[in-house]
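Asker: I'll drop the sequence and a predicted model, then ask my questions.
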Amino acid sequence: MQTLTYAARTDKGPVRQENQDAVLAAPPVFLVADGIGGQAGGGLASRAIVEEFGSLVGRELDVDTVSAAVRAAHQRVVALHDDNPGAGSTLCAVVGVRVAGEDTWMVLNVGDSRCYLVNDGPQGRAVSQVTVDHSLVQEMIDAGVLDPREAELMPLRNVITRAMGSEQESEADVRLLPVVPGQRLMLCSDGLVNAVPLAEIEDVLIGRPEAESACQTLLDLALGYGARDNVSVVVVDVQDG
């Protein structure tokens with residue numbers, strides 16, 4: 001892999017009593033998991049996912065190995081159901097893999113935790129959302145019955161349609177991106193995007209050149225806005241040269 005700099009932050013926020021989020025930032029694995037299904041079950045589920053992906057840290061990986069880790073993580077969450085009915089978690093990860101001899105990001109998501117990409121474009125640095133939420137609101141947007149600008153006002157915006165550990169649907173969406181010097185990736189739980197306007201998130205991702213500074217600033221913004229959920233942020237920079 002290229003040389004990476006990175007930072008991770010997670011906080012219970014000013015409203016919640018417990019942090020059910022879990023993060024992992026250890027090359028080549030970067031991950032955010034947002035636990036659901038009650039305080040105990042949600043926290044156990046997110047930590048189980050991080051523990052499973054922790055077995056990939058420091059290894060040269062391929063797509064099949066990472067896909068196997070997703071399945072194993074799902075089964076670990078399912079195994080929690082006897083003592084913690086309804087335990088589940090989102091999963092959003094970027095993992096460095098080798099594809100046809102090239103360094104590649106494998107982007108995975110289940111649920112509504114997100115990955116954003118900052119790349120050089122025709123008009124300069126630009127931020128794009130890589131993942132698509134598995135949520136009721138996103139399905140309404142896709143069906144054309146809800147304007148994206150109205151989504152922030154929807155009372156059901158936190159209802160997700162996929163989760164790790166769910167008996168209904170837990171398959172991860174997968175996207176492959178080239179590893180490009182100078183690019184930045186940001187992973188976050190919905191506690192960030194539900195609290196901080198997207199324009200402010202983009203300003204930080206473009207304007208703060210250091211991963212540590214960008215990560216901490218995003219967390220501080222979410223807490224300053226009174227985030228009503230746990231907040232997790234991971235920022236990964238691919239170094240030039």
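Answerer: Nice, thanks for sending it over.
Asker: Tell me where the protein has helices.
Answerer: 39-54, 63-78, 136-142, 190-193, 198-207, 211-224 (DSSP state H).
Asker: Deepest in the core, which of those helices is it.
Answerer: Highest mean neighbour count among those (mean count of other Cβ atoms under 10 Å): helix 190-193, with a mean of 26. For every residue, glycine as well, the C-beta is placed using N, CA and C.
Asker: In contact with the residue nearest in space to the middle of the chain, which residues?
Answerer: By Cα atoms, centre = their mean, the chain has its centre lying nearest to residue 92, at 3.4 Å. Contact partners of residue 92, counting by Cβ atoms under 8 Å, 6 or more residues apart in numbering, are 31-33, 108-111, 113-115, 131, 187-189.
Asker: now do 10 Å
Answerer: Counting by Cβ atoms under 10 Å, 6 or more residues apart in numbering, residue 92 touches 30-34, 107-115, 130-131, 172-173, 187-190, 232, 234.
Asker: tell me the pLDDT at it?
Answerer: Note for residue 92: predicted pLDDT of 98.
Asker: is it in a bridge, and if so with what?
Answerer: residue 32, residue 109 (DSSP bridges).
Asker: Low-confidence bits of the chain, can you list those?
Answerer: Low-confidence segments of the chain, defined by pLDDT under 70: 37-39, 136-158, 169, 241.
Asker: rerun that using 90 as the cut-off
Answerer: The model of the chain has pLDDT under 90 over residues 1-2, 37-40, 82-86, 119-125, 134-161, 166-171, 240-241.
Asker: I'd like to know how far the nearest residue to residue 240 once chain neighbours are set aside sits from residue 119.
Answerer: Excluding the flanking residues, the one nearest residue 240 by Cβ to Cβ, 6 or more residues apart in numbering is residue 181, at 4.7 Å. Per Cβ to Cβ, to the nearest Å, residue 181 is found 11 Å from residue 119.
Asker: and residue 207, how far is that from residue 170?
Answerer: The value you get for residue 207 to residue 170, if Cβ to Cβ is used, is 37 Å.
Asker: cool, and residue 95?
Answerer: From residue 95 to residue 170 the distance is 18 Å (Cβ to Cβ).
Asker: ditto for residue 194
Answerer: 23 Å.
Asker: again with residue 45
Answerer: 11 Å.
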